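Asks: Structure for this input, please:
(chains A and B)
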Number of protein chains: 2
Amino acid sequence: MGASVAHTIHAGHRHFGWSRDHAPVATVAPGEAVEFDVIDGGGGQITRASDAATIGALDFATLLPLNGPIAVDGARPSDTLKITVLDVTPSGWGWSGVIPGFGLLAEEFTEPALRHWTYDPSGREPAMFGTIARVPVRPFPGTLGLALAEPGVHSALPPRRVGGNLDTRDITVGTELYLPVEVAGALFSVGDTHAAQGDGELAGSAIESPMRIAFRFDVVRGLALDGPWFTTPGPVTRHLDGKGYYVTSGVGPDILPAARDAVRRMIDVLARGHGVGALDAYMLCSVCADLRLSEVVNTPVSVVSLYFPRVVFD
Amino acid sequence: MGASVAHTIHAGHRHFGWSRDHAPVATVAPGEAVEFDVIDGGGGQITRASDAATIGALDFATLLPLNGPIAVDGARPSDTLKITVLDVTPSGWGWSGVIPGFGLLAEEFTEPALRHWTYDPSGREPAMFGTIARVPVRPFPGTLGLALAEPGVHSALPPRRVGGNLDTRDITVGTELYLPVEVAGALFSVGDTHAAQGDGELAGSAIESPMRIAFRFDVVRGLALDGPWFTTPGPVTRHLDGKGYYVTSGVGPDILPAARDAVRRMIDVLARGHGVGALDAYMLCSVCADLRLSEVVNTPVSVVSLYFPRVVFD
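Replies: The predicted structure follows:
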């Protein structure tokens, strides 16, 4: 970004949980570019030297730190904050883990696991998963949101109507995100940056990776929202789809059990077709495979499909 | 297809519901191309002359007719049937409806409604939604599957482990679909053809449209499946994604209520941005917008996102 950035929020400006009582570390004017030096969701507990034992010993109280908050001058309750992602500069290092108790198949993958990723920060080359797979990167912030009107400190884990831990992979460069303002100044924070993630983040982690992100903030009046919406300026999956997909489907009355069936079938497909072990397949799906609702209206049975991009093995 | 087709299953060869006791209308050899002249899910009740009153007076007993069944020579229980979609030839006419009691927002859209579509059967031009929207077409069969081992006649509405009403929009030309065989000959049927549909088919109908489809069948031994999987030979959304997306997100502990919130927000976005009425927006979303599970692991809150392709208005 360089000269056009009006504010830089350094990694040390962090807080835990969302609160209307967190003092802003800066107040920015609408239209200004603000750069955040974002630490990853591990909060510094996981480094290049870590292994599975590190995951097993995580201190949950200091996971998911948030950088900020910043106040946007003039933003008032019932306004909407328009957040434009201007630029993302990833670090080139990241990790993926299985954290016991988290993930769609938490009852089957109960042991801590950790994989390290070293990737080209330019994004031009895919990230290598050992020697077995090449995952295209598309970095984005997993968590970005505003303070809630309700008093108290609210966990950073669940997403909310004001954003937060949305883990939505297409909120990246060029995206314009709209969130409802509930407190004076809006109090925006960001964290949990990912170099790549599939829709669903099904094993509970992406390629977790520190990075710098620049945003622009604008206040929109007369647009009362009750939840997030955003626009993307162009395609969102062309980095992944060139060779087509393997697709497994779960069929059943409840969505999450059907999603679990789809994941189990994909683990089987990757084992048969590419000799990938179950744990590696589960972690790979989390960083590059997409959970889609194929149909939800053929009462009382839905179809949930998991799309795994074949380019990862080609 | 022409000369290379070994069998043609005409539209009159139809049955209702799935049953192991339906006599096959043809027995085909593995590797042969078989063409089906598929009637749409309305079963002939909806024609170019129909209006909303036709939808209100539908005879549910003759909806969702299935063309077939055909027996595949040599297919036995515990084999897998590989079904390759060779060719799809759409008719150029179709309809979309709101059928009271069906659809994700059935409690809000309670009145019958019908829209007609006339589209270029070559697929090179988008289908026109009145004068307000242009929907790229990508025709496919909503229903394709095999007979169940369980005796009796089973409704064609819900999809099952052997396929059926999967309404999965990427099972189209070039796709290889794998389904578990439960009865001798497999007993394959097809129906409910769609010229375009978004992931979810959220209002309960797509662009419902008769068409001819050719398949090839192969028997795979030693691969015991418990549900569907398929491969696509290439990208699946490039006909839609060129101009990016509007995306609305539902955030909550239960997937379907969150999906409903996402749909309501999209109806609002299309009204604000393009002056589209609520009923039209709901029907448009069903034929071209995709429901995706952005995250399902930030316990206990999931994010369901609805992706609406902006090219429809450009």
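
Asks: So which other helices or strands are in contact with the helix or strand containing A:Ala281?
Replies: Taking DSSP states H and E as the criterion, A:Ala281 maps to helix A:278-288. Judged by 3 or more Cβ pairs under 8 Å, 6 or more residues apart in numbering or on different chains; DSSP states H and E, the packing partners of helix A:278-288 are strand A:93-98, strand A:113-118, strand A:127-129, strand A:133-135, helix A:255-274, strand A:302-309. Yep, even glycine has a C-beta here, placed from its N, CA and C like the rest.

Asks: nearest to B:Thr84, of these?
Replies: Closest of these to B:Thr84 is helix A:255-274, at 17.1 Å (criterion: Cβ to Cβ).

Asks: Next, the angle helix B:255-274 makes with the closest one.
Replies: Put simply, helix A:255-274 runs at 90 degrees to helix B:255-274, going by axes from the mean of the first three to the mean of the last three Cα atoms, to 10 degrees.

Asks: in chain A, what spans have low per-residue confidence?
Replies: Where chain A drops to pLDDT under 70, the residues are A:1-3.

Asks: Just want the most central residue of it.
Replies: Taking Cα atoms, centre = their mean, the centroid of chain A lies closest to A:Gly142, which sits 2.5 Å from it.

Asks: What count of nearby residues applies to the closest residue to that residue other than its chain neighbours?
Replies: In space, and not counting its chain neighbours, A:Gly142 is closest to A:Asp192: 3.7 Å by Cβ to Cβ, 6 or more residues apart in numbering or on different chains. Number of residues near A:Asp192 (other Cβ atoms under 10 Å in any protein chain shown) recorded here: 29.

Asks: follow-up on the earlier one: pull up the pairing partners for the helix or strand where the residue nearest to the centre of chain A lies, direction included.
Replies: When elements are assigned from DSSP H and E, A:Gly142 belongs to strand A:140-146. Strand A:140-146 sits in its sheet next to strand A:163-164 (antiparallel), strand A:188-194 (antiparallel), going by DSSP bridges.

Asks: quick one on the thing from earlier: give the buried residues for the helix holding A:Ala281.
Replies: Residues of helix A:278-288 classed as buried by neighbour count (16 or more other Cβ atoms under 10 Å in any protein chain shown): A:Leu279, A:Asp280, A:Ala281, A:Tyr282, A:Met283, A:Leu284, A:Cys285, A:Ser286, A:Val287, A:Cys288.

Asks: so how far is that helix from its chain's centroid?
Replies: Centre-to-centre, helix A:278-288 and its host chain are 16 Å apart (Cα atoms, centre = their mean, to the nearest Å).

Asks: for stretch A:160-174, same thing?
Replies: On Cα atoms, centre = their mean, the centre of stretch A:160-174 falls 7 Å from the chain's centre.

Asks: Stretch A:248-260 too?
Replies: Offset of stretch A:248-260 from its chain centre (Cα atoms, centre = their mean): 23 Å.

Asks: Next up, the contacts around A:Gly277.
Replies: With contact set as Cβ atoms under 8 Å, 6 or more residues apart in numbering or on different chains, A:Gly277 has these partners: A:Ala271.

Asks: now the end-to-end length of stretch A:126-140.
Replies: In terms of Cα to Cα, to the nearest Å, the two terminal residues of stretch A:126-140 are separated by 15 Å.
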